[in-house]
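> below are the sequence and a predicted model; questions follow.
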Amino acid sequence: MKPFLDVLINKKPRTPTPIWLMRQAGRYLPEYRELRADKGSFLNLVYAPEDAKEVTLQPIRRYQMDGAILFSDILIVPHALGADLDFKKGEGPILNHVRTKSDFEKLTREHEGKYYEKIYETCCLIRKGLEVEGFDETTLIGFAGAPWTVACYLIQGHGKTTFPEAQRLLKEDKDLFDQIISLITDSTITYLSGQIEAGAEAIQIFESWASLLGSADFKQVSLKPVQKIINALKIKYPHIPILFFPKTANEAHLLEASQLKGLDGLSLSYDVPLSFLKQLPTTLVTQGNLDPEILLAGGEALSKNVHDIIDATRDRPHIFNLGHGVIKETPPEHVAQLLKALREN
Ligand code: CP3
């Protein structure tokens, strides 16, 4: 069995630890920047299956990663539901925002297939590409945003680190807020099912804005819809492992998340101390959590931190990853150094 799937499905430690990196496809690789410049925009790249396949395979060719993350974005779901989407340089994503009942009524699931089909085609091409190029050990990871995180962008319409309009709607119009979450959840189930049918062998759900929610809201607004997605996928595809990444969630939230039924793996941010791992059952795979700043810095600090993570995870099923995405300025040689340190161990 492929190393990544072996750890996630059989829940046992494996040496060397399987590895992939969040944001491994993209920004920091010169071959990505070249293709990106050619295509003019990020979305042109995402909706061109041949090109999206290329970007997905770029880090696999360089580093033989154990996981290939589909090249797409969490904002494809609101885009497919009818919210115009644009990525402006230095500003991040911009969507036409949904804050009122009449905004909401403009959204529709009628055309989602037209957008999702492109991504499914990318999944098919990646699986073929991995086979043709001889990467038999690499697993294709599909993904989506968790409903709360997607709702943050959809309600705010943009956003870097704060989403006050999403927070306000949650407090002031819970009915409309719930309708938005419910629409995103249902469409996400369709979208992830399609990725699996097209060849995704594992799924990661990104909850990037988990830390904006208090304890009661975290259960209701983050975990409840995520549980609904897991339940729907596990009924249809019981053999497909699911990872959840509640970015910068506190330890109480992480313990709550570890109780999600059917969850195979929990991804930990760079801020989680390695001593916390002992609090998580060994029936749950952990993933993470090297600080991307340390990868950026390279050198001895990088080697030391890699070994610290290997030591702390020796007796538990673990997937090596960063605690968030690769920083754009990271020299590709530092990624090579990381792989060498991990695989020579
Ligand atoms: O290697 C990979 O991870 C590729 C696939 C991928 C992208 N985005 C490509 C991308 C994945 C898994 C994502 C997830 C994603 N997208 C998240 C969750 C993870 C996280 O970072 O917290 C979120 C919140 C988004 C939303 C998003 N997409 C933002 C805020 C931005 C703009 C700011 C930024 O970080 O660049 C994007 C654009 C985006 N998504 C790029 C890439 C490669 C940059 C596009 C470019 O200009 O080339």
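Ah, there it is.
> CA atoms only: put the longest helix belonging to the chain into CSV for me.
Ordering each helix of the chain by length in residues (DSSP state H) puts helix 174-197 first. Backbone C-alpha positions of helix 174-197 (Å, rounded to 0.1, in the frame of the first residue of the first chain) are rendered in CSV as follows:
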residue,chain,number,x,y,z
LYS,A,174,-28.6,32.9,12.7
ASP,A,175,-31.3,31.7,10.2
LEU,A,176,-29.6,33.2,7.2
PHE,A,177,-26.2,32.2,8.5
ASP,A,178,-27.4,28.6,8.9
GLN,A,179,-28.8,28.6,5.4
ILE,A,180,-25.4,29.8,4.0
ILE,A,181,-23.6,27.1,5.9
SER,A,182,-26.1,24.5,4.8
LEU,A,183,-25.8,25.4,1.1
ILE,A,184,-21.9,25.3,1.3
THR,A,185,-22.0,22.0,3.2
ASP,A,186,-24.3,20.3,0.6
SER,A,187,-22.3,21.6,-2.4
THR,A,188,-19.0,20.5,-0.7
ILE,A,189,-20.3,17.0,-0.3
THR,A,190,-21.1,16.8,-4.0
TYR,A,191,-17.7,18.4,-4.8
LEU,A,192,-15.6,16.0,-2.7
SER,A,193,-17.6,13.0,-3.9
GLY,A,194,-16.8,14.0,-7.4
GLN,A,195,-13.1,14.4,-6.6
ILE,A,196,-13.1,10.9,-5.1
GLU,A,197,-15.0,9.4,-8.1
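> neighbouring strands of the helix or strand just after it in the sheet, and parallel or not?
In the C-terminal direction, the helix or strand that comes right after helix 174-197 (DSSP states H and E) is strand 202-207. The pairing partners recorded for strand 202-207 under DSSP bridges are strand 139-145 (parallel), strand 242-246 (parallel).
> bridging residues for the residue nearest to residue 70 when sequence neighbours are not counted?
Nearest residue to residue 70, sequence neighbours excluded (C-beta to C-beta, 6 or more residues apart in numbering): residue 142, at 5.3 Å. The C-beta positions use only the backbone N, C-alpha and C, and glycine is treated the same way. Partner residues in beta bridges with residue 142: residue 203, with DSSP bridges as the criterion.
> do the longest helix of the chain and the ligand meet at all?
No: Helix 174-197 lies apart from the ligand when judged by C-beta under 6 Å from any ligand atom; the minimum separation is 12.1 Å.
> quick one: the residue minimising distance to the centre of the chain from the ligand, how far?
Here the mean C-alpha position of the chain is nearest to the C-alpha of residue 206 (C-alpha atoms, centre = their mean), at a distance of 4.4 Å. Between residue 206 and the ligand the distance is 4 Å, computed by C-beta to the nearest ligand atom, to the nearest Å.
> do you know the pLDDT at that residue?
Residue 206 is assigned a pLDDT of 98 by the prediction.
> for it, what are its contacts?
Taking C-beta atoms under 8 Å, 6 or more residues apart in numbering, we find residue 206 in contact with 74, 143, 144, 145, 146, 149, 245, 247.
> now for these: which two are most distant?
144 and 247 (14.5 Å; C-beta to C-beta).
> these two: who's more crowded?
With neighbours defined as other C-beta atoms under 10 Å, residue 144 and residue 247 compare such that residue 144 has more, 25 against 21.
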